[in-house]
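Novice: Got a sequence here, can you model it:
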Amino acid sequence: MASIGGTARPTSFAVDVAGFVDAIHVDREIRLVHEDSGRLTQLSKHEIDAALNELDRAFRVSGDGKRMDIFDGADSVGAIAINQARVALRDLQLPITAGIEVESTEYALGHDPNRISLRRYIDREDKFILLFDALSLAYIDGTLFRDEGFVDGGAALLRHLRSDPLLDGVTDEKGNFSTRKATFDADSTFGVIEASVADGDDVLVCDDLGDEWADYIGLNNSSSPPRITFYHAKHGPLSLGAGPFHISVSQAIKNLQRMSLPPESMEAKIRGWNNKYVSGSGVKTRIKRIVRGDADELMNEFAQVRLAPDAIRRVFIVTSSLSRGAVEEALKEVAAGQAPDPYFVQLYWLLMSFFSACTEMNAHGYVICQT
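Specialist: Model prediction:
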């Protein structure tokens, strides 16, 4: 951090609210607690939502020297310290969250010997974003990032964003299920993958649930060179924040090693794909997992692409929660000198880290989104 001293000054602070949502509701690693009439109690969902809503905003940062104040409007509500190795959150006093503490779910309620205040947890886990007057800089998850391309229109990001008009009408990730259902709903992300996004694949199988490598795996052995594609499907309200992407990006990166299609796993995989789709809630449908391709030839198809020295490997995150047009507009505003929203900057770096992770594994990462 010393390298930016005297040249760039922090201007905006935001808590990584999406990270909190994942830690509380998805990974269930932590619980939020507070004292109520002398007793330690766990926050209800309504109380958690109120606390996170209080944190879900951009705060102004101002001051001179290593210690700088955090402002909510005209009121000073906290402070950061720019140290040699990292930025520390020294104080954060907001009406709802001031008395909240964080416990690990490894312990029973009230028995975590390392229970700490919410402010200390945010600091310890680096769950905050810091932006600077130099728009190419961002401090996220305890790391200082610099990318001049961000302020020059974001061409590197836009190259990896593709739009599909069918995603504009998506209303659910998978749709509704019944025992008579033979296809995924056309207005679901799964339905759009089958109908449009993966229409160039000769082989397409649904790998959702269980030992999942991706929601869909597609092959094209007739193209030159051959290619394999992992599709990760998501649905959610339109957003320019990182929240909707945390889980899908982590899943996609975790499964990059599976793109080698380990032969010792293929027999069990193919056996599973020959079964009809059973929903996460246990509904036994008539939906075929083998969408395209000959079931008897799957072993040969996968062996062929696995052994091809020039095979192209692609990873698609297919989502209805992002608009390419909205991203373009946000990047144009940054290029024009307008201060970006911290959560958009977090989204930018999250997606760029995904594309970089794919490149390191000799794969090509893309996000397929709304127009």
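Novice: check contacts around residue 292.
Specialist: 201-204 (Cβ atoms under 8 Å, 6 or more residues apart in numbering). Backbone N, C-alpha and C define where each C-beta goes, glycine included.
Novice: Strands along the stretch 1-150 of the chain, start to end?
Specialist: 10-15, 30-36, 39-42, 59-62, 67-72, 75-82, 87-92, 101-104, 116-117, 128-132, 137-140, 143-146 (DSSP state E, counting those that start in this stretch).
Novice: Columns mean pLDDT, distance to residue 277 and mean neighbour count on top of these, output as a markdown table?
Specialist: Formatted as a markdown table, the strands of the stretch 1-150 of the chain follow (pLDDT from 0 to 100; distance: least, Cβ to Cβ, whole Å; neighbours: other Cβ atoms under 10 Å):
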| stretch | mean pLDDT | distance to residue 277 | mean neighbour count |
| --- | --- | --- | --- |
| strand 10-15 | 93 | 39 | 22 |
| strand 30-36 | 94 | 34 | 17 |
| strand 39-42 | 94 | 37 | 12 |
| strand 59-62 | 94 | 46 | 17 |
| strand 67-72 | 95 | 49 | 18 |
| strand 75-82 | 95 | 49 | 18 |
| strand 87-92 | 96 | 46 | 18 |
| strand 101-104 | 96 | 36 | 20 |
| strand 116-117 | 96 | 44 | 15 |
| strand 128-132 | 92 | 39 | 23 |
| strand 137-140 | 89 | 38 | 22 |
| strand 143-146 | 88 | 40 | 14 |
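Novice: Next, format these as JSON lines and append distance to residue 359.
Specialist: Below are these laid out as JSON lines (distance: least, Cβ to Cβ, whole Å):
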{"stretch": "strand 10-15", "distance to residue 359": "28"}
{"stretch": "strand 30-36", "distance to residue 359": "33"}
{"stretch": "strand 39-42", "distance to residue 359": "43"}
{"stretch": "strand 59-62", "distance to residue 359": "33"}
{"stretch": "strand 67-72", "distance to residue 359": "36"}
{"stretch": "strand 75-82", "distance to residue 359": "32"}
{"stretch": "strand 87-92", "distance to residue 359": "28"}
{"stretch": "strand 101-104", "distance to residue 359": "35"}
{"stretch": "strand 116-117", "distance to residue 359": "38"}
{"stretch": "strand 128-132", "distance to residue 359": "24"}
{"stretch": "strand 137-140", "distance to residue 359": "20"}
{"stretch": "strand 143-146", "distance to residue 359": "17"}
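Novice: tell me the phi and psi of residue 368?
Specialist: phi -100, psi 120 (degrees, to the nearest 10).
Novice: and it, how many residues sit next to it?
Specialist: The number of residues packed near residue 368 is 27, by other Cβ atoms under 10 Å.
Novice: and of the strands of the stretch 1-150 of the chain, who's closest to residue 286?
Specialist: With Cβ to Cβ as the criterion, residue 286 lies closest to strand 30-36 of the strands of the stretch 1-150 of the chain, at 41.0 Å.
Novice: That closest one - contacts with which helices or strands?
Specialist: Where contact means 3 or more Cβ pairs under 8 Å, 6 or more residues apart in numbering; DSSP states H and E, strand 30-36 is packed against strand 39-42, helix 45-55, strand 101-104.
Novice: Nice, that's everything, thank you.
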